[in-house]
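A.B. asks: I'll drop the sequence and a predicted model, then ask my questions.
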Amino acid sequence: MNLKELNERVSAARRETEARGETFYPGPSRVHLAAFPPRERWDDWVELESKAWPRRLERRYMLVPTTCFNCESACGLLAYVDKETLGVRKFEGNPEHPGSRGRNCAKGPATLNQVTDPDRILYPLKRAGKRGEGKWVQVGWDEALDDLAARIRKAIEESRHNEVMYHVGRPGEDGFTERILAAWGVDGHNSHTNICSSSARAGYQFWMGLDRPSPDHANADVILLISAHLEAGHYFNPHAQRVMEAKERGAKLIVFDTRLSHTATHADIWVSPYPGSEAAIMLAVANHLIRNNLYDREFVRRWWNWEEYMAVEHPELETSFEGFEEVLKNLYAGFTFEYAARESGVDARQLEEVAALVSKAGTRFSSHNWRSAASGNSGGWQVARTLFLVNALLGAVATEGGVYPNAWNKFVPKPIYTPPHPPRWNELTWPREYPLAMNELSFLLPHFLKDGRGKVDTYFTRVYNPVWTNPDGFSWVEVLQDENLIGCYVALTPTWNETAYFADYVLPMGHGSERHDIHSYETHDAQWLGFRQPVLRAARERMGETIKDTRDVNPGEVWEENEFWLELTWRIDPDGSLGIRKFAESQTNPGERLSVDEYYAFIFENSVPGLPQRAAEEGLTPLQFMRRYGAFEISRKVGALYEQEVADEELEDPRTDRFGRVYTRTPKPASPNIVPVPVLDADAEGRRFVGVRVDDRVLRGFPTPSGRLEFYSKTLADWGWHEYAVPAYIKSHVHRDNLNPDQTVLISTFRLPVQIHTRSANAKWLDEIAHTNPLWIHPSHARALSVKTGDLVRVETETGHFVLRAWVTEGIRPDVVACSHHMGRWKLAAHEGEGQRQLMQTVSLEHTGDDWSLKRERGAEAYKSEDPDTTRIWWADVGVHQNLTFPVHPDPVSGMHCWHQAVRVRKADASDRAGDIHVDTSKSRSVYRTWLQFTRPADLHSPDGTRRPYWLLRPLKPAREFYKLQEVQGAE
Ligand code: SF4
């Protein structure tokens, strides 16, 4: 049977299965054999014990679903719980999960390594010596909770709310913790997003009011990725499998990646642009579509806010669509293929080839930019904005095979409690210099603290390791060591990390199979809800036991955050006098703390359409259903919600303004299924915004200020960035014009497929596959330096240097070098007793004034533990921690740290050793101050006296009156 016949057979099987209303399990067999255990047999699944071979020994398993926590995709996992030992033997894919459909990347099954990791943290620890000295005592949860609750209560009583800060890396949940912070009344949410994805988010949000795209890859004819989606991009495995499905159908894949990534190797056209030139290429593609009338005129006429653009920017011209088309033609006329070729270093003929392919895609054009070029370059947010411009020209927006706004392809259920917006604004995270930043200026915190802008009394990190993950890590060490700046630091983490070593408390939290969370992501045109759960708790409950506390099933005293936050909230306000306790109180048993069972049962019973009915069909409660299957699909083929007609009954006394925005007196309907609508001001007479008039109908539109797709962002224009109000090309900080002749560009943003930032280092299978990060360098560049593969090279940044081995490869441009960011994990000799030994080197750290030197004392080595595999560690070089040598580069619009570095590369000195780092943090301060000058602060540029446009997304929004710039009671 050839491949085509196989595919046809699989498609036929899928159709037949789905016609019966059953879930199709596509599997590695490709012919729908028993690729996955049928769900009817999940209570008693039998497999032969491989280790008993050649004896035939049967093992009986209970299969319990959860979701992977090793990246943001949250793919479904099935834990194989041995019915005899009640231990987990392995994790495989959950075929019932609509996003991942039974498939995982290597990191999913490696959850088992993390659970059984001999180096994991099992008990709450309290610092015994000086910060960072490596002395700890084991404490009980009660002691830690009482201490922290007393600190936070005191801060609240003394109106120091903003000194309580929670800093999260990978949230992996539905906003649970944001609501806890809101219950405390603190504006204390801090995230890693500005070192991750906020630049791309900005590009998308200014277009469609929502900050992420949801590409329908599986149904596209042409897919354009400005990122490495087949190996590590956003929603990696769920998207990668759909990209491959499209390729099987004959879709063409275009990949922009300076480096020959695994994704690029699968492309029909691989474009390797000079870093930061991607927006110039996209504008050349757009120019091609516009000049040759290859765009969807009707879509542009109906859905772009061109009338507003013409009225504001070209009042001298008659406002007609034809007039706008003329303006549009002239606007991008300079972006010829030749110009883009000069900027990008890519042959103009290849760019023409890209444009020709894109122009044929019509509405089946899916695209995605995440991290990659957006997060590497200053102005990188325009990469996403210019990429989406092509979708908007083709009308490939919320079409089959096009790109949806993310919120239409995810589901956010209503929780049991929604505390009010905090009555304050925290300038340590949302400073007035960055009014349009997509997320908190988290990576500037050390500088703000050193500037005396405030202090932090109680600082939590969760799934976050800023010393290692952020740029400028030694500035973090400096503030973490200063108890006047950070009073108490609490690391919530399952594993040791570079930041936790400087904590006051290290509190052990569970991995993906040891905790509860719900999540829903835009993996395709559908809405689903996934349920992460402690699998041993669910297994024992299936056996009839009652488990009240997740610690009862987890190893040691490992807990989960949900129960931890509820308990901490309860102890902050034990008598309810602060008005906080009520948000952690049971509704069924008033006076008792809310349990996770009640929390999730409420959501599943009341907020998820169709789930109670589906569960009842199997004689289950909604919670039991989710504990049994781990996911629920709410809807498929959501479609173009912007075209949804607003019903007459929602149009009481309507008014339409000059740009077609329609306002109504009808109150907003309460709906558990949240379809985002614009957060727009009411009209002068108090009507709420309800949609836009398109021709003769009132349609729902997009959640933007205009209600349409914003080719023209009046927000950008009004807040001081007029020159960037339409999609534009901004020359990067590493553009050739900004480099000295002896400098080159370092790309430091790419991920290896089997590693994430921190926690994957505690997975031995992954460490064996990938454990070091050499410098990618082109043969011509290497020849010029007299360097060959394996030689040591020194890379000099603005603030210091690092030393690593070279990897000479044609997979990188000659004018660029690259180094993966996962490696170079380290611990001090003083931390030998604690933590990670498979991927962490032991280093010495010298510190004089602002001068920091880190030297590798020992690499990874074999050691004895309860896991015999640790005696078989054969690798020693675990790479270099390059991020320590990067100063902060906050983009003045999006707030994103611009990761690419202008560097000098040379052969290492004789005294240099692999892994060496040197940094001068006074230079970090100087670079920080330079970039601060690029901003256009709200004080000078706010059009309405507020700190930030209210319509822009913000995690944990404060109450509206605290958006005002002038001091108000509660602003701290
Ligand atoms: S893509 Fe891999 S790491 Fe990410 S959630 Fe899925 S299985 Fe886990």
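C.D. replies: On my side now, so go ahead.
A.B. asks: can you tell me the helix or strand for residue 66?
C.D. replies: Secondary structure assignment for residue 66, by DSSP states H and E: strand 58-67.
A.B. asks: residue 45 versus the residue located most distally from the centre of the chain, what's the distance?
C.D. replies: Going by CA atoms, centre = their mean, the residue of the chain most distant from its centre is residue 55, 46.9 Å out. Residue 55 sits 20 Å away from residue 45, going by CB to CB, to the nearest Å. No exception for glycine: its C-beta is placed from N, CA and C like everyone else's.
A.B. asks: other residues contacting the very next helix or strand once past the strand holding residue 66?
C.D. replies: Using DSSP H and E, the next helix or strand after strand 58-67 towards the C-terminus is strand 76-82. Here strand 76-82 makes contact (CB atoms under 8 Å, 6 or more residues apart in numbering) with 37, 42, 45, 47, 59-68, 87-97, 99-100, 102, 104, 108, 111, 512-513, 530, 535-536, 539, 630-631.
A.B. asks: if we can go back for a sec, what pairs with the strand holding residue 66, parallel or antiparallel?
C.D. replies: strand 45-48 (antiparallel), strand 76-82 (antiparallel) (DSSP bridges).
A.B. asks: buried residues in the shortest one?
C.D. replies: This means strand 45-48. Of the residues in strand 45-48, residue 45 count as buried by neighbour count, 16 or more other CB atoms under 10 Å.
A.B. asks: so what touches that strand?
C.D. replies: Taking CB under 8 Å, 6+ apart as the rule, strand 45-48 contacts 37, 56-63, 80.
A.B. asks: check which helix or strand covers residue 131.
C.D. replies: Using DSSP H and E, residue 131 falls outside every helix and strand.
A.B. asks: these two touch, right, it and residue 478?
C.D. replies: No. At 11.1 Å, residue 131 does not count as touching residue 478 under the criterion of CB atoms under 8 Å.
A.B. asks: residue 146 versus residue 635, what's the distance?
C.D. replies: Separation of residue 635 from residue 146 (CB to CB) stands at 46 Å.
A.B. asks: would you map the helices across the stretch 151-300 of the chain?
C.D. replies: Chain-ordered helices for the stretch 151-300 of the chain, with DSSP state H, counting those that start in this stretch as the definition, fall at 176-184, 198-208, 236-249, 262-265, 278-291, 297-303.
A.B. asks: so the lowest-mean-pLDDT helix or strand in the chain versus helix 236-249, what angle?
C.D. replies: The helix or strand of the chain with the poorest confidence is helix 3-19; it has a mean of 72 (mean pLDDT, DSSP states H and E). Per axes from the mean of the first three to the mean of the last three CA atoms, to 10 degrees, the angle that helix 3-19 makes with helix 236-249 is 120 degrees.
A.B. asks: show me what counts as buried in helix 3-19.
C.D. replies: Buried-residue list, helix 3-19, by 16+ other CB under 10 Å: 10, 13.
A.B. asks: list the contacts for the closest residue in space to residue 921 that isn't next to it in sequence?
C.D. replies: Spatially, and ignoring its direct neighbours in sequence, residue 921 is nearest to residue 850 (4.5 Å; CB to CB, 6 or more residues apart in numbering). Counting by CB under 8 Å, 6+ apart, residue 850 touches 920-923.
A.B. asks: out of those residues, grab the one that's most surrounded.
C.D. replies: Among those, residue 921 has the most neighbours (other CB atoms under 10 Å), with 23 neighbours.
A.B. asks: re earlier: for the residue farthest from the centre of the chain, give me the pLDDT.
C.D. replies: As predicted, residue 55 sits at a pLDDT of 90.
A.B. asks: from residue 83, how far off is it?
C.D. replies: Relative to residue 83, and taking CB to CB, residue 55 is found at 19 Å.
A.B. asks: contact residues of the stretch 201-350 of the chain facing the ligand?
C.D. replies: 236-237 (CB under 6 Å from any ligand atom).
A.B. asks: now the angle between helix 278-291 and the helix or strand containing residue 328, please.
C.D. replies: Taking DSSP H and E as the definition, residue 328 sits inside helix 321-331. Angle, helix 321-331 to helix 278-291, by the same axes, to 10 degrees: 140 degrees.
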